[in-house]
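[1] Have a look at this prediction, sequence included:
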Amino acid sequence: MSTGGLRALARNVRLPLLAAAAALVLWEGATRLFAIPQFLLPAPSTILAAIADEPSLYVFHAVYTLQATLAGFVLAVVLGVACAVLIVQFKAMEQTLYTFLVSLNSVPKVAIAPLFIVWMGTGLNPKIAIAAMIAVFAIVIDMVHGLKSVDAEMLDLGRSARASALQMIWKIRFPHALPALFAGMKVAISLALIGAIVGEFVAANRGLGYLILMAQGQFDMVRMFAALAILSCIGLALFYGVALAERLILPWQTAQRKALAIRGH
Amino acid sequence: MNAVVLGTRADALPVPPPAAPAEAHILVDHVSKVYESDRGRVEALRDVSLKIRAGHFISIVGPSGCGKSTLMRCIAGLERPSSGGIILRGREIDQPPENLGMVFQRDVLLNWRTVLDNVLLLVEFRGKPRREWIDKARDLLKVFGLENFHNSYPWELSGGMRQRAAICRAMLDDPEILLMDEPFAALDAFTRDELNLELQSTNLRTSATTVFITHNIGEAIFLGDQVVVMDRRPGRIAAVIDIDLPRPRPLSVRETPEFAEYGRRIRQTFEDLGILRREP
């Protein structure tokens, strides 16, 4: 990234960081001023101290949750893109597979989660599966939209040169759908994290979800908040990771957005 | 007259002899096209016949909705006529011809490819080795003044430059047939003039049979060996006018009395059809 890019980045993060810092200060002040007991709402400083006290404990559990999230996310992207291509390419698939996915999505997935534990045990696999199941729908919806929104003239151009079905997909439809895929991935990464935690809530002996449940059982509010704080940091990092990948992989997308913003002002 | 409205049906025609230079390259034979939809029946083309000679430049001019794009899509093999047929070198077109170049009103460049890679796209589709075409692509981009933009992306270019790149893409592997559907309609008048000149000079060097659709009468005359005037709804051919102006034509040809006379005849045809209002 150029220094100009870094400066722009610094400008973009300054305000959110200031806002977060202000919120933390308010929170800290309130717990002290009103002497809120720790078993109701611990102060940020107490939470930070707890994390600093046992870093390896939190890393141990966070790594597990992160594994399930990332593996579930990757699985969702691979399966979601494959399904979307089939749905766009074959009318019969739109009528069967798409309908099936829509009905699957209308079932509360938290309610299906215990099934996966029965099928796959209490290890990492059911968490990955649940994360993927929750995330896949966002990918399919956006990818189908992206693949279908190719200009008719662009397809005519391909047909006029007798492009094969595979070339049409690979050289026109797929790259055209990448911005839509990234939009879906931004939603899906957060959903995958939710899926991983849901899996850990149902049955686990490791992970941040497990840690929250255990801490709740022991009324250890500080540990609960510490796990939550780490969880939200992971969520933020994952989201911005996808956003950064989008910037690097789709420079034209960013350029067009910028051009639109300039015209808008 | 180079183009005649044919009086015979395709099935009654004798087997065409081997193509001599003066023979029809593309024969549009009693083509009709009807679209059926839930909202009803739209007759886009009715009994259109046209003979296009090899290497000729045909301008088709007509109001919106006269079916000129439909006609072009039929010639491109992207659509089948409801009745009649289009015969290319004695064979009916039922899929896009092998050596076809197309330019649309919108440039439809791929945003994720550089200008050079966009120009090479159709060669890739046709399974030709990219390496062998890179030099040709560079030369062509130079002809169109894009030599410094090989590695630029389409979104970094102006509208005129983008359309130039789209023309390079269509012309890269020396198409036998070049079909252009209002390619300059979205450009400003200056860029349009420049591109008209560039198109004319490249067309003189290659021998592509070109069908150029426009709703600009002046552009149709300036570029065409013939101007086909179309009537709207259903699309029919109202007149075919030969343009006998020497080439290369400078932009100033538009101020000559001959040019004005062609313009008057075409406008007259549109007035007779009720498409243009008669001036008092």
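    Looks like it arrived, so ask away.
[2] so B:Gly160 makes contact with B:Glu194?
    Yes. B:Gly160 is within contact range of B:Glu194, at 7.2 Å (criterion: Cβ atoms under 8 Å). For glycine as for every other residue, the C-beta is placed from the backbone atoms N, C-alpha and C.
[3] Which of these two has more residues huddled nearby?
    B:Gly160 (20 against 17; other Cβ atoms under 10 Å in any protein chain shown).
[4] In contact with that one, which residues are there?
    For B:Gly160, the contacting residues are B:187-188, B:191, B:194-195, by Cβ atoms under 8 Å, 6 or more residues apart in numbering or on different chains.
[5] What helix or strand is it located in?
    helix B:159-171 (DSSP states H and E).
[6] Show me what the helix or strand following that helix is packed up against.
    Downstream of helix B:159-171, the first helix or strand assigned by DSSP H and E is strand B:177-181. Applying 3 or more Cβ pairs under 8 Å, 6 or more residues apart in numbering or on different chains; DSSP states H and E, one finds that strand B:177-181 contacts helix B:68-75, strand B:100-103, helix B:159-171, strand B:209-214.
[7] quick one: buried residues of the third one?
    Residues of helix B:159-171 classed as buried under the neighbour-count rule (16 or more other Cβ atoms under 10 Å in any protein chain shown) are B:160-171.
[8] tilt between that helix and strand B:177-181?
    150 degrees (axes from the mean of the first three to the mean of the last three Cα atoms, to 10 degrees).
[9] For helix B:159-171, what does the pLDDT average out to?
    Helix B:159-171 shows a mean pLDDT of 90.
[10] what does the shortest one give?
    For strand B:100-103, the per-residue pLDDT values average out at 92.
[11] is chain A contacted by that strand?
    Yes. Under the criterion of Cβ under 8 Å from any Cβ of the partner chain, strand B:100-103 makes contact with chain A via B:100, B:102.
[12] which is the next helix or strand following that strand?
    helix B:115-119.
[13] On the C-terminal side of that next one, identify the next helix or strand.
    That would be, after helix B:115-119 and using DSSP H and E, helix B:121-125.
[14] need the contacts of B:Gly160 in JSON lines with pLDDT, can you?
    Converted to JSON lines, the contacts of B:Gly160 look like this (pLDDT from 0 to 100):
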{"residue": "B:Leu187", "pLDDT": "85"}
{"residue": "B:Asp188", "pLDDT": "87"}
{"residue": "B:Thr191", "pLDDT": "85"}
{"residue": "B:Glu194", "pLDDT": "86"}
{"residue": "B:Leu195", "pLDDT": "87"}
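[15] Got a quick PyMOL command for the buried subset of those?
    In PyMOL, a selection of the buried entries from the contacts of B:Gly160 looks like this (16+ other Cβ under 10 Å):
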select buried, chain B and resi 187+191+194+195
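[16] Could you tell me which of the contacts of B:Gly160 are located in strands?
    Using DSSP state E, no member of the contacts of B:Gly160 falls in strands.
[17] So which of the contacts of B:Gly160 are in helices?
    Within the contacts of B:Gly160, residues falling in helices by DSSP state H are B:191, B:194-195.
[18] list the buried ones in the strand or helix carrying A:Cys233?
    Per DSSP H and E: A:Cys233 is located in helix A:221-249. By 16+ other Cβ under 10 Å, the buried positions in helix A:221-249 come out as A:221-227, A:229-231, A:234, A:238-239, A:242, A:246.
[19] Check the residues you listed against A:Ala22 and report the nearest one.
    A:Ala229 (16.8 Å; Cβ to Cβ).
[20] Can you verify my assumption that that closest one contacts A:Ile51?
    Yes. A:Ala229 lies in contact with A:Ile51 (Cβ under 8 Å); the separation is 7.3 Å.
[21] Identify the residue nearest residue 81 in space, chain neighbours excluded?
    Let's take chain A. Distances taken as Cβ to Cβ, 6 or more residues apart in numbering or on different chains place A:Met143 nearest to A:Val81, at 5.6 Å, with adjacent residues excluded.
[22] You answered for a different chain; I wanted chain B.
    Distances taken as Cβ to Cβ, 6+ apart place B:Val31 nearest to B:Pro81, at 4.3 Å, with adjacent residues excluded.
[23] from what I can see that neighbour touches B:Leu71, true?
    Yes. Using Cβ under 8 Å, B:Val31 is in contact with B:Leu71, at 7.2 Å.
[24] Which residues are in contact with each of those two?
    Common neighbours of B:Val31 and B:Leu71 (Cβ under 8 Å, 6+ apart) are B:45, B:48.
[25] what number of residues lie near B:Arg267?
    16.
[26] host element of it?
    Going by DSSP H and E, B:Arg267 is part of helix B:257-273.
[27] In this structure A:Ala129 contacts A:Met120, no?
    Yes. A:Ala129 lies in contact with A:Met120 (Cβ under 8 Å); the separation is 6.3 Å.
[28] Look up how far B:Met171 lies from A:Met154.
    Distance check for A:Met154 against B:Met171: by Cβ to Cβ, to the nearest Å, it reads 18 Å.
[29] what's the answer for A:Ala245, then?
    37 Å.
[30] more crowded one of A:Ala129 and A:Met120?
    When A:Ala129 and A:Met120 are compared for neighbours, A:Ala129 comes out ahead with 23 against 16, by other Cβ under 10 Å.
[31] Downstream of the helix or strand where the more buried one lies, the next helix or strand is which one?
    Here A:Ala129, judged by DSSP H and E, is contained in helix A:124-148. For helix A:124-148, the following helix or strand on the C-terminal side (DSSP H and E) is helix A:152-160.
[32] how about the helix or strand that that following helix is followed by, does it reach chain B?
    Going down the chain from helix A:152-160, the next helix or strand is helix A:165-167, by DSSP H and E. Yes. Interface with chain B: helix A:165-167 contributes A:Gln167 (Cβ under 8 Å from any Cβ).
[33] Outside of helix A:165-167 itself, which residues are in contact with it?
    Taking Cβ under 8 Å, 6+ apart as the rule, helix A:165-167 contacts A:89, A:158, B:124-125.
[34] let's see 7 Å
    Residues outside helix A:165-167 that contact it (Cβ atoms under 7 Å, 6 or more residues apart in numbering or on different chains) are B:Phe125.
[35] now stretch A:97-117
    A:83, A:86-87, A:126, A:129-130, A:133-134, A:137, A:140, A:198-199, A:202-203.
[36] Identify the residues contacting A:Leu191.
    A:134-135, A:138.
[37] if you set the cut-off to 6 Å instead, what comes out?
    Residues counted as contacts of A:Leu191 (Cβ atoms under 6 Å, 6 or more residues apart in numbering or on different chains) are A:134-135.
[38] where's it relative to B:Val108, distance?
    Distance from A:Leu191 to B:Val108, by Cβ to Cβ: 35 Å.
[39] Which residues belonging to stretch B:118-134 are considered buried?
    Those would be B:118-125, B:133-134, for stretch B:118-134 by 16+ other Cβ under 10 Å.
[40] Can you measure across it, start residue to end residue?
    Terminal residues of stretch B:118-134 lie 11 Å apart, using Cα to Cα, to the nearest Å.
[41] gap between it and the chain center?
    Centroid displacement of stretch B:118-134 relative to its chain, using Cα atoms, centre = their mean, to the nearest Å, is 23 Å.
[42] And for stretch A:172-181?
    19 Å.
[43] try stretch B:186-200
    Using Cα atoms, centre = their mean, the offset of stretch B:186-200 from its chain centre is 15 Å.
[44] ok, it near chain A or not?
    No. Taking Cβ under 6 Å from any Cβ of the partner chain as the criterion, stretch B:186-200 and chain A are apart, separated by no less than 12.7 Å.
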